[in-house]
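**Q** structural data only, the sequence is not supplied:
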């Protein structure tokens with residue numbers, strides 16, 4: 001971080017230095033500073049998918065979901081063909097509780113990149129929120145088969161099965177226990 005700060009100070013018109021500093025700050029969970037640096041990089045190179053995506057990720061991590069939606073919508077003509085664009089937009093909508101819009105974005109992300117498991121997971125969560133628990137369970141089951149070491153997938157499956165009740169109870173308990181075994185300290 002210190003090295004990049006020094007370099008960007010000596011060359012303040014370098015989008016790549018501001019972008020690199022912003023990405024380091026994002027990894028350090030310094031979201032506000034990250035947004036500032038990535039914002040400078042995106043202004044200097046407004047057609048860069050890398051800076052647009054990184055800035056949207058920083059805004060989402062900083063929990064500025066509405067700003068992220070507005071920013072991504074403004075950048076859509078430049079990077080709307082990327083699966084990551086639709087995933088980030090869907091994630092921002094999801095966190096704003098705009099579930100139908102999030103669902104559409106996750107579906108588009110999956111059309112562009114069918115193996116994007118986080119988009120599959122959040123699409124299943126959208127379906128569960130909208131009342132289609134059976135379809136969500138089907139998607140969660142597929143995810144735990146493909147990614148058996150992801151505790152969140154097991155936990156979501158267990159929660160969805162628990163909502164179904166009745167004969168799904170033992171499978172729900174098994175799925176939750178599997179998730180807990182994979183990450184025992186996770187609340």
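**A** Received, thanks. Keep in mind the model is a prediction, meaning the values are calculated, not measured.

**Q** quick one: least confident helix or strand in the chain?
**A** The helix or strand of the chain with the poorest confidence is helix 2-10; it has a mean of 80 (mean pLDDT, DSSP states H and E).

**Q** next, the angle helix 2-10 makes with the helix or strand following that helix.
**A** Once the chain leaves helix 2-10, the next helix or strand it forms, by DSSP states H and E, is helix 15-27. Calculated by axes from the mean of the first three to the mean of the last three CA atoms, to 10 degrees, helix 15-27 forms an angle of 140 degrees with helix 2-10.

**Q** report the buried residues of helix 15-27.
**A** Judged by neighbour count using 16 or more other CB atoms under 10 Å, the buried positions of helix 15-27 are 15, 16, 17, 18, 19, 20, 21, 22, 23, 24, 25, 26. (Glycine included, C-beta is placed from N, CA and C.)

**Q** with distance to residue 39 added, can I get these in TSV?
**A** Shown next, in TSV, are the buried residues of helix 15-27 (distance: CB to CB, whole Å):
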residue	distance to residue 39
15	11
16	15
17	14
18	9
19	10
20	14
21	12
22	8
23	13
24	15
25	12
26	12
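
**Q** I figured residue 116 was touching residue 107, is that so?
**A** No - the criterion here is CB atoms under 8 Å, and residue 116 misses it with residue 107 at 11.1 Å.

**Q** more neighbours: these two, which one.
**A** Higher neighbour count among residue 116 and residue 107: residue 116, with 18 against 15, using other CB atoms under 10 Å.

**Q** just the residues contacting stretch 155-171, thanks.
**A** The contact list for stretch 155-171, computed with CB atoms under 8 Å, 6 or more residues apart in numbering, reads 121, 124-125, 128, 133-134, 136-137, 140-141, 143-144, 172-180.

**Q** PyMOL command to pick out the buried ones of those residues?
**A** Applied in PyMOL, the following selects the buried portion of the contacts of stretch 155-171 according to 16+ other CB under 10 Å:
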select buried, resi 121+124+125+128+133+136+137+140+141+143+144+172+175+176+178+179
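
**Q** in helices only, show me the contacts of stretch 155-171.
**A** 121, 124-125, 128, 133-134, 136-137, 140-141, 143-144, 172-180 (DSSP state H).

**Q** please consider this matter closed, and thank you.
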